[in-house]
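Trainee: heads up, no residue letters with this:
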C-alpha cells in the first residue's frame, strides 16, 4: 500500500478541520510533518516516549518540541506532555535486549507508543491519531501503519495513514532543523540503540 497516497485520500475527504493527536518523538521529526498537515487539522502533539532511557535526554527533546511550537506561532498546534515511565519500555522489550535496531524490539516500541496515542485520542475526543515516526528512513513505515490499522479496530478515533518520508519529508526535516537551530540526536532514544550507535562509531574509528 502507498501510505502517503492513502493519507492524501483521507485528507481529501475531510470537509471540516478535524482534531488530530500527533505522537512525536522529537522536534526535527515534527517539523516537516507539521508544515505539511497543520492546514488540515487542529493538532495536539503527544510527547509520549518512555523508550528514552535518560531523563535528561527526555527533557531536552521535550523542551525542544515545546520551544519549536512556540517559534512556529501557529494557533492550532499544542503540545501535550505524556507520562514518563521508562519501565513501560523495559517491560515490553524484556527478552529482546540483544535485538538489532529495526528488529522485534522496535516493533514492540512502535506498538507501545501508538497504542497510548490511540487511547489518549479516544479519552480526549480526537477525530484522528498518527505519529511522526514514519518520517525517518530508519523506521519501518509498513509496521507503523499496520499497527495503526489494528488500533483502528480497537479505538474510536481514525488512524491517519502516513509515510512522511515521502515527498522529500526527511530532507525537509533536516532543512527545517537547520533553519530553526533544532537539536538533532544521533540515536533513537533507548539505551540499546545508544549502545549500538556508540559501538558503530568505535568500529568506524578503528
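Mentor: Here it is on my side, so go on. Since this is a predicted model, take the numbers as computed values, not measurements.
Trainee: okay, now residue 105: neighbour count?
Mentor: Residues near residue 105, counting by other C-beta atoms under 10 Å, number 23. The C-beta positions use only the backbone N, C-alpha and C, and glycine is treated the same way.
Trainee: confirm that it sits in a strand.
Mentor: No - under DSSP: H, G, I helix; E, B strand; the rest coil, residue 105 sits outside any strand and is assigned helix.
Trainee: which ones are touching it?
Mentor: 93, 96-97, 99, 192 (C-beta atoms under 8 Å, 6 or more residues apart in numbering).
Trainee: remind me which residues of this protein are low pLDDT?
Mentor: 201-206 (pLDDT under 70).
Trainee: so which of the contacts of residue 105 belong to helices?
Mentor: residue 192 (DSSP state H).
Trainee: make TSV from the contacts of residue 105 and add neighbour count to it.
Mentor: TSV is the format used below for these (neighbours: other C-beta atoms under 10 Å):
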residue	neighbour count
93	20
96	15
97	12
99	16
192	24
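Trainee: from the contacts of residue 105, which is closest to residue 44?
Mentor: Nearest to residue 44 out of the contacts of residue 105 is residue 93 (C-beta to C-beta; 27.3 Å).
Trainee: ok, now how distant is the nearest residue in space to that closest one that is not next to it in sequence from residue 58?
Mentor: Distances taken as C-beta to C-beta, 6 or more residues apart in numbering place residue 105 nearest to residue 93, at 4.9 Å, with adjacent residues excluded. Residue 105 is 19 Å from residue 58, where distance means C-beta to C-beta, to the nearest Å.
Trainee: burial of residue 160, as a residue count?
Mentor: 25.
Trainee: give the contact list for it.
Mentor: For residue 160, the contact set (C-beta under 8 Å, 6+ apart) comprises 7, 10, 20, 128-130, 148.
Trainee: quick check, nearest of those residues to residue 26?
Mentor: residue 130 (15.7 Å).
Trainee: for that closest one, which non-adjacent residue is spatially closest?
Mentor: Excluding the flanking residues, the one nearest residue 130 by C-beta to C-beta, 6+ apart is residue 160, at 3.9 Å.
Trainee: just to revisit the earlier point, out of the contacts of residue 105, which comes closest to residue 71?
Mentor: Looking across the contacts of residue 105 and measuring by C-beta to C-beta, the closest to residue 71 is residue 192, at 32.3 Å.
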